[in-house]
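This is the structure alone, sequence omitted:
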């Protein structure tokens with residue numbers, strides 16, 4: 001979502017790095033470009049104005065201007081202000097004094113409340129909670145069926161009542177059910193409208209009067225831009241909000257809503273939706289988002305994804321195979337499947353510090369998840385013996401594998417050649433040597449991707 005903004009800011013900081021000591025004019029010029037970058041990203045005008053003035057006040061101080069690395073100081077100031085703009089620190093979901101904790105999701109139709117309810121249930125179950133989903137949207141066609149189906153997929157119980165039941169009654173009865181079944185988290189999927197109206201607000205107020213709601217989370221579509229900010233403010237004035245969930249943060253919108261909504265509404269962002277899958281909901285960490293915007297990566301989120309999705313025992317076994325140079329195509333296939341669990345390749349790469357610039361320079365399709373599926377199809381079409389020893393693949397065998405995988409013998413040659421190069425690299429690593437082309441990738445010249453072996457895109 002923040003790609004365009006990241007590119008603009010990186011250009012501004014690159015100009016600052018090319019200078020020695022900064023003058024006040026240099027700072028003003030850079031901040032004007034930062035302001036334009038934020039405005040083009042659809043960040044609220046007043047938020048941008050305050051953001052710029054705070055940075056300027058700190059940037060023209062003697063300590064920064066006289067520093068040996070003034071550009072780095074300015075980058076740090078922008079980073080710190082971005083963190084503050086986004087909320088300062090992570091704000092966790094509140095827990096009720098006596099269970100169950102009741103979370104009410106509110107918002108307009110189409111913002112993703114129902115799917116967010118299911119994602120939140122799955123996320124909290126991983127934290128050891130016992131959730132109950134409540135189908136309280138009796139107006140949108142198939143809303144109840146959608147939540148019931150999501151509950152079945154995730155093995156999360158769903159409470160619903162026959163047609164004609166009133167949402168406040170449904171919610172009150174659901175809380176009783178949760179207490180009877182010793183469930184400690186109730187998530188209310190309330191109705192939305194195409195626009196805010198008194199009937200909607202009155203219903204939400206009735207629900208809050210009937211059940212002791214712990215959290216009222218507003219679900220906003222981040223791709224609607226500043227309109228999401230305006231709607232959040234409107235909801236907050238009628239039904240006080242305790243937090244926000246921003247959906248579709250993996251989209252290609254400009255990201256202004258994500259940067260403005262906390263500062264304008266005063267309500268903290270607690271979760272962000274980063275994909276369509278049920279596990280694509282993440283706690284909102286302002287410092288990590290700021291690092292991603294500034295191209296610094298997000299190592300902590302990468303570690304968390306790795307710990308959550310990768311099998312520790314398999315990782316240890318793989319390490320042993322790499323040290324003994326017995327890494328085969330079966331192991332490679334297993335690694336591909338584990339990496340796919342972590343999310344799109346572009347998201348994973350951008351979490352690695354310094355890699356955002358590399359991925360932005362890659363050609364179309366070079367970091368395409370479909371290429372991984374192609375590699376999987378080729379390996380699955382091989383016999384166990386061929387996977388252990390790819391040298392067995394003569395012309396006729398390659399044609400058979402190509403027919404089975406829907407590829408060509410050329411694709412298979414590229415995969416085998418690149419896998420052979422990978423094995424050679426591993427042998428050098430086990431001897432403590434870093435190959436020349438990898439040293440160039442690390443910044444020893446040659447530019448991003450210099451010396452990378454040609455062959456299968458995205459491998």
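Okay, I see it. These numbers were taken from a predicted model, which means no experiment stands behind them.

Pull out the buried positions in the helix or strand harbouring residue 37.
Secondary-structure assignment from DSSP states H and E places residue 37 in helix 24-40. Buried residues in helix 24-40, counted by 16 or more other C-beta atoms under 10 Å: 26-27, 30-31, 33-35, 37-39. (Glycine included, C-beta is placed from N, CA and C.)

elements contacting it?
helix 3-17, helix 45-59, helix 70-85 (3 or more C-beta pairs under 8 Å, 6 or more residues apart in numbering; DSSP states H and E).

Mean neighbour count, these: which tops it?
Neighbour counts (mean count of other C-beta atoms under 10 Å) averaged over each of the helices and strands packed on helix 24-40 peak at helix 70-85, with a mean of 19.

now that helix: how far from the chain's centre is it?
22 Å (C-alpha atoms, centre = their mean, to the nearest Å).

what's the angle between that helix and helix 24-40?
Put simply, helix 70-85 runs at 40 degrees to helix 24-40, going by axes from the mean of the first three to the mean of the last three C-alpha atoms, to 10 degrees.

what residues does helix 70-85 touch?
9, 13, 16-17, 19, 21-22, 27, 30, 34, 47, 51, 54-55, 58-59, 63-64, 67, 259, 262-263, 286-287, 289-291, 293-294, 296 (C-beta atoms under 8 Å, 6 or more residues apart in numbering).

That one vs helix 45-59, what angle?
Angle, helix 70-85 to helix 45-59, by the same axes, to 10 degrees: 140 degrees.

the helices in the stretch 351-459 of the chain, which residues?
Ranges of helices in the stretch 351-459 of the chain, per DSSP state H, counting those that start in this stretch, are 355-361, 369-380, 384-388, 395-405, 409-430, 436-439.

can you tell me which of those helices the model trusts least?
Within the helices of the stretch 351-459 of the chain, confidence is poorest for helix 436-439, with a mean of 51 (mean pLDDT).

Next, count neighbours for residue 160.
Using other C-beta atoms under 10 Å, residue 160 has 20 other residues around it.

for the buried residues of helix 24-40, which one is nearest residue 386?
Nearest to residue 386, judged by C-beta to C-beta, of the buried residues of helix 24-40 is residue 37 at 52.1 Å.

Surely the closest one is in contact with residue 12?
Yes. Using C-beta atoms under 8 Å, residue 37 is in contact with residue 12, at 7.0 Å.

What separation is there between the residue most central in space within the chain and residue 373?
With distances taken as C-alpha atoms, centre = their mean, residue 274 lies nearest the centre of the chain, 4.2 Å away. Look at residue 274 and residue 373: by C-beta to C-beta, to the nearest Å, they are 21 Å apart.

and if you look at residue 101?
In terms of C-beta to C-beta, residue 101 sits 40 Å off from residue 373.

the more surrounded of those two?
Regarding residue 101 and residue 373, a neighbour count based on other C-beta under 10 Å identifies residue 101 as having more, with 22 against 13.

So what does that one have for phi and psi?
phi -80, psi 130 (degrees, to the nearest 10).

Hmm, it is touching residue 92, no?
No. With contact defined as C-beta under 8 Å, residue 101 does not count as touching residue 92 (11.7 Å).

okay, the helices and strands packed on helix 24-40 in a markdown table with distance to residue 184 and mean pLDDT next?
Conversion of the helices and strands packed on helix 24-40 to a markdown table gives the following (distance: least, C-beta to C-beta, whole Å; pLDDT from 0 to 100):
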| stretch | distance to residue 184 | mean pLDDT |
| --- | --- | --- |
| helix 3-17 | 40 | 76 |
| helix 45-59 | 38 | 85 |
| helix 70-85 | 32 | 81 |
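
Switch those over to TSV; also include distance to residue 409.
Shown next, in TSV, are the helices and strands packed on helix 24-40 (distance: least, C-beta to C-beta, whole Å):
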stretch	distance to residue 409
helix 3-17	37
helix 45-59	56
helix 70-85	50
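
Which among the ones you listed is found nearest to residue 142?
helix 3-17 (34.5 Å).

Now do stretch 85-95: distance from first to last residue.
End-to-end span of stretch 85-95 (C-alpha to C-alpha, to the nearest Å): 26 Å.

mind listing what's buried in it?
Buried, per 16+ other C-beta under 10 Å, within stretch 85-95: 85-87, 91, 93.

Quick check: residue 133 vs residue 91, distance?
Residue 133 is 23 Å from residue 91, by C-beta to C-beta.

for residue 114, that is, sorry about that
Look at residue 114 and residue 91: by C-beta to C-beta, they are 23 Å apart.

now swap in residue 140 and tell me
Per C-beta to C-beta, residue 140 is found 29 Å from residue 91.

Tell me where the chain has strands.
Taking DSSP state E, the strands of the chain run over residues 101-106, 131-136, 158-159, 185-190, 215-221, 243-247, 269-273, 281-283.

between those, which gets nearest to residue 168?
strand 131-136 (8.5 Å).

Rebuild the strands of the chain as CSV, extending it with distance to residue 380 and mean pLDDT.
Formatted as CSV, these follow (distance: least, C-beta to C-beta, whole Å; pLDDT from 0 to 100):
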stretch, distance to residue 380, mean pLDDT
strand 101-106, 41, 95
strand 131-136, 37, 96
strand 158-159, 36, 96
strand 185-190, 39, 96
strand 215-221, 38, 92
strand 243-247, 35, 91
strand 269-273, 32, 91
strand 281-283, 31, 89
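
is it possible to export these to a markdown table including distance to residue 396?
Listed next are these as a markdown table, based on distance: least, C-beta to C-beta, whole Å:
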| stretch | distance to residue 396 |
| --- | --- |
| strand 101-106 | 59 |
| strand 131-136 | 55 |
| strand 158-159 | 54 |
| strand 185-190 | 57 |
| strand 215-221 | 54 |
| strand 243-247 | 51 |
| strand 269-273 | 49 |
| strand 281-283 | 49 |
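
Distance check, residue 242 against residue 270.
8 Å.

and the protein, what are its domains?
As assigned by automatic domain parsing, the chain contains the domains 3-85, 101-296, 302-444.

Deepest-packed of those domains, please.
It is domain 101-296: most buried of the domains of the chain by mean count of other C-beta under 10 Å, with a mean of 20.

Quick check: the residue nearest to residue 220 when sequence neighbours are not counted vs residue 54, distance?
The shortest distance from residue 220 to any non-neighbouring residue, by C-beta to C-beta, 6 or more residues apart in numbering, is to residue 228 (4.1 Å). For residue 228, the distance to residue 54 (C-beta to C-beta) stands at 24 Å.

Ok, residue 291 next?
Distance from residue 291 to residue 54, by C-beta to C-beta: 19 Å.
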